[in-house]
Structures are given as structure tokens and as C-alpha cells.
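J.: Fold the following and give me the result.
(chains A and B)
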Amino acid sequence: MATKMGIEVSVAIGEAVRLANADVIAAYPITPQTHIVEHLAELVANGELDAQYIPVESEHSAMSACLGASAVGARTFTATAGQGLELMHEVLYVASSMRLPVIMTVANRALSAPLSVWGDHSDVMAVRDVGWIQIFTENGQEVVDNVLCAFRIGEDRRVLLPVMIHLDGFHLSHVIEPILFPEQSEVDQFLPPNQYPLPLDPSKPVSMGDFGPPIIYFETKWAQEVNLEAAREVILQCWNEFGKTFQRYYSPVECYHSEDAKVLLLTMGSFSETAMMAIDKMRRDGREVGLIRLRLWRPFPFGEIRQAVKNAEVLIVLDRALSFGGPGGPVCSEVKSALYGEDKKPRVIGFVGGLGGRDITPAGFEEIINRGIEISQKGSDQEFEIFGVRE
Amino acid sequence: MIDTNRLIEIRWHGRGGQGAVTSAELVAQAAISEGKYAQAFPSFGPERRGAPVLAFVRISSQEPIRIRAEIAQPDVVAVLDPGLLRIVNVASGLKTNGTIIVNTRKQAGQIRQEFGINWRLATIDATSIAREILGVPITNTTMVGALVRATGVVELESLLEPLRNRFGRLAERNIKAMQKAYEETLVEERGQ
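T.: Next up is the predicted model:
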């Protein structure tokens, strides 16, 4: 029997990692993820989780320690946010290239300067191309469920890749809400032990992360791409299996009243739930609007996106990050690329909003949708729209 | 009492270190243990002892809570520190039929007059109760007792387990403080 608890989402992540029986946690505290690793440090210190907790002096070291731990076949976890994720940056590539299934939660945070501990997706977008599987979550339950799934996906022999689970800093990390926890026996059944195929072992020596001259480098990178693509199937299988076991289903692109909608809004992360309230209200007013929520960020779900929006006339994409001097938001760019070659496609209108912890209320989402519709009719000379900024 | 069948939004005003965030957390946990949906969170940002802080609770007995934004139009406002009334507009956005709960030594009439409060008003000398029972002027658990008395958003009993989990060996004293505040809270309907 699952247990329902009123619990802070960060603490709940620690509990999920305990249920997953992680072997090594190497982490450096940074707001707004600190409570995650604090709780894990406490669990290890109290003997409630039989793991090595390695306190390090920086995020660069945290990820480096995770590489070593994962390479010997240990189930490895860490968490970070904002500047911490950026300090890890070069090591993130090494984790994916060396095929090490490190699992990391990122409490999404804005980037300096000015210094901001508040949430947006700037940190995520800066690590878009590091070769990790990346999953977005909308509430505490989804974070807990997907942390469990992440270990199973990443450690699967067909995948062997690191996984990031994104949760909005503060808007999710610091909220107390009801979360269902599965029994340990159920988790043990769902999540097999990590059996890394070629661990570092003095009795059977292997080399990892070797020198890669031109004769081999390109092949290793292509193998990595083929592999990340192949992970799609395993991710779908895992979510399907999770749903059958725990009755909560996840998919790469999730739809809310979208099937007959002429106008669609696309969001990622915790703001999606607030956006649903705007959709509900507009539907009550007789408007044909719907919501698309992008859950799987990498590998990008091209097919699912095309399918989900094919009958809409307008698609409004909300980004919570800016691509300076670029086409607006990174999510909108990806969506536009996915649709470019389609014969029948909606007009795509990009908005950037909610930077540095600024809330978007249900009324705000309604305004975004209305402005998007207006632009689709009248046109605009802007590459993208900005929402909620004082000019 | 207030209508607890719809979404109830509560905003806590305190100073960093007084435990407003804990108050919010305890109430949400009690509501969840009653099978309701609830959400609690602090005003987001760095924590600063002594500075005015906010904490928020949403409770819904009907459906899951999806909104993820700070509470701008609360049904209930609870003020942990009487000094805040002078420096913060604690009633900002409070609904016309809302309730305001103040930790104060003063009579309700005096508070109404001094701060122009026309809402339904509950008063409690939470600081004295906390000093007497806990030995420190930390009013988070006393104010939870006052909230339950003034609003009925959760049962007093539902708070026992969350308090025991949160305070360990200090739990019994906090429960006593909460109960005493519950008994002593005075509620005055809306002024004319």
C-alpha cells in the first residue's frame, strides 16, 4: 500500500532516492536545491540509507565524484541548480560521453547577473546539448515518480546515459503538498539493481574516457547520438511499466483539452498546472483552447509534438529563458524546427515570460493566449513576444 | 467560521525565525491527513532572520490544487508579530468576507480603530502564551491554534501528529500552547 504524506518536495526527492537505494551521493548545496541534499545527508548520517555521502567543495567536483562512483557501478545521485549546473558544465559532457548513468535533479534557477536564486529555465537551456536525457516535471508526485524512473531508464543496458529531472526552483522545490510513496518492496520490484556492464575493476582493468584522435572521435560521438535516440523506446517502456505498476502514466508530450482546440498553448514544468486553470476558464467561456505540456526535453519528441498540434491553427509557446540575440525562446525554436517540414501546421508564436521567479497567474496565461491569437490574425514585426516585463 | 467547501487561501505574516513557514507547513499537513488537498510554501527567496516574511497555505476539500503562484487575495491572514501591523499592509488583497487573525495584547476594538481593520477579526495574546508554556516568544504553534479556532479549516486533532513529527521532545509543550491559544482566541464578526 502506498502512503500519502504532506511533505516538502525537496525532502520527498530525498525519500525517493532512499527508496531507490542509491549507493553514492556527491553534492554541493545551492539554493533552491539545498533541502534535497540536506535530507540525503541526514538519511545517510542516521543510517537510514546505506550510502556514501561525499561532501565536495564545488559542483564541478560533485559531478566529477559522481563520474567515478558511477564508473565502478554504484547507483549515483546528485542535485544542483542555476550557477551550480553551469559550474558542472564541462563534466556533464563527460558523464554522457562515458555512458555513466548519473541521476540528477535540477531545481531550475535563473542565472546571474543580477544574482537571482529564483526560478526560470535559463540553467536548463544552457545545458541543452550535453547529451543527457532530460525530463520536466509539474508537481511533487511527478518528481518522485520520475526520479524512480530515471534510475531504471539511465541504468538500462540499452541506454547507459545520465538523466536530469527538472523541477522548478521554489515553485516546486519548496512546496509542501500531498505525495504518494510506494512501498519499498514495490520499488525493489520496479527498479532492478544497477548492473553496469563494464565497471572499473582492478581485477578486470578497463580504460574509460581515453584520448580520442580524429580516427575515432567522430565515431564515438555518433554512437552517443544513436544511443540517445534509442533511449526513446526504453523511456516509453519504463513509463508504461511504471503506469501499470503504480497507476500514474507519463508520456513525452501531454495534452490537456487539446484534441478539438484551434488554439494551443505549450508550456514546460510547474507553470503548466497554473496554465490549465486558464484553459478551464476559457473553455467555460466557450473558447476552443487547449494545452500541450512538453515533458521529455531530450531526446526531443518530434513525432509526438507533430501529432499533438497537427489540427491546431495557432500554437503559442511559452519559454522561461531568453536566447540573447536569437529567435526568442529555445523551446519555441525547437518546436518550430519540428514543424517546419510539415504540410499542415499551426502558426507558431513564441512568448518569453516568468524569468527570475516572476509568477504567471491564470489571468496572465489567459492574456498570453489572447495576445497570441491577436498576433496570429494581425501579424507582428517581432521575432517573439515578451510577457510581464516593465519597459 | 468560514465556508471550508471551497478553496481556502491563507497568508501568514511573520518575521524570519518566528516560524510562519512552520505554521503553514503544519496546517497543510493536518489538512492532507484529513484527506484534503493542500499546499504550503514560503515567500520564495533567501531567509533573513527578523525581516518580514510571508508563508502561504491553500486547502481544498474538493479537488487537487494546481495554481502555483503566491496568494494575492487571501481568505485568511494570520499575523504572528504585532509589530508588523505598523510596517506591512497585512490586509492587502484580503477578501471582503475574509478573516484576519492577530497576535496582540490589545482588545479587538483597539486594533480595529488603530489600524482601520473592518474585516472579521480574531485576537489572541500568542506571545504571552508562548512565553509561558514554551519559554520563548515563538508564536507559530499558538497561532495555529488561533487559526483553527477562527476558521475551522482543519480539526485541532489533525495537528497533533504533524506537531509530534515536527517538534519531537518539544511536541507536548507546543501542543499545549496550541490548545491554550485555541481556547483563548476571541473572534469578532465583521465591523460595520
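J.: Now do the buried residues in stretch A:233-250.
T.: By 16 or more other CB atoms under 10 Å in any protein chain shown, the buried positions in stretch A:233-250 come out as A:Val234, A:Ile235, A:Leu236, A:Cys238, A:Trp239, A:Phe242, A:Phe246, A:Tyr250. Where you see a C-beta, it was placed from the backbone N, CA and C, and this is true even at glycine.
J.: how far out from the middle of the chain is the helix or strand hosting the first one?
T.: Translated: A:Val234. Assessed by DSSP states H and E, A:Val234 sits inside helix A:217-246. Relative to its chain's centre, helix A:217-246 lies at 15 Å (CA atoms, centre = their mean, to the nearest Å).
J.: Tell me which other helices or strands that helix touches.
T.: Helix A:217-246 is packed against helix A:89-97, strand A:133-136, helix A:140-155, helix A:184-190, with contacts defined by 3 or more CB pairs under 8 Å, 6 or more residues apart in numbering or on different chains; DSSP states H and E.
J.: May I ask which helix or strand encompasses A:Asp123?
T.: Short version, using DSSP H and E: A:Asp123 is in helix A:122-126.
J.: Actually, B:Val27.
T.: Assigned by DSSP H and E, B:Val27 belongs to helix B:20-33.
J.: and the helix holding A:Asp123, average pLDDT?
T.: The pLDDT scores in helix A:122-126 average 97.
J.: contact partners of that helix?
T.: A:81-83, A:85-86, A:89, A:106, A:108-111, A:134, A:164, A:166, A:297, A:320-323, A:330, A:355 (CB atoms under 8 Å, 6 or more residues apart in numbering or on different chains).
J.: Just the buried subset of these, written out for PyMOL, thanks.
T.: Remark: buried members of the contacts of helix A:122-126, expressed as a PyMOL selection using 16+ other CB under 10 Å:
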select buried, chain A and resi 81+82+83+85+86+106+108+109+110+111+134+164+166+297+320+321+322+323+330+355
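J.: Strands - which of the contacts of helix A:122-126 land there?
T.: Of the positions in these, A:Val106, A:Asn108, A:Gln134, A:Met164, A:His166, A:Trp297 sit in strands, assigned by DSSP state E.
J.: would you turn these into CSV with pLDDT and distance to chain B?
T.: Formatted as CSV, the ones in strands among the contacts of helix A:122-126 follow (pLDDT from 0 to 100; distance: CB to the nearest CB, whole Å):
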residue, pLDDT, distance to chain B
A:Val106, 98, 17
A:Asn108, 98, 13
A:Gln134, 98, 21
A:Met164, 98, 21
A:His166, 98, 15
A:Trp297, 98, 19
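J.: And the helices in chain B?
T.: Using DSSP state H, the helices assigned to chain B run over residues B:20-33, B:84-87, B:108-115, B:126-134, B:140-151, B:160-167, B:171-184.
J.: one step back: farthest pair within the buried residues of stretch A:233-250?
T.: Spatially, the most separated pair among these is A:Val234 and A:Phe246, at 17.9 Å (CB to CB).
J.: what's the pLDDT at residue 1?
T.: All of this is about chain A. 74.
J.: um, chain B though
T.: At B:Met1, pLDDT is 64.
J.: and if you look at the one 10 residues further on?
T.: Per-residue confidence (pLDDT) for B:Arg11: 98.
J.: Once you drop chain neighbours, what's closest to it?
T.: B:Pro74 (4.2 Å; CB to CB, 6 or more residues apart in numbering or on different chains).
J.: No more questions from me, cheers.
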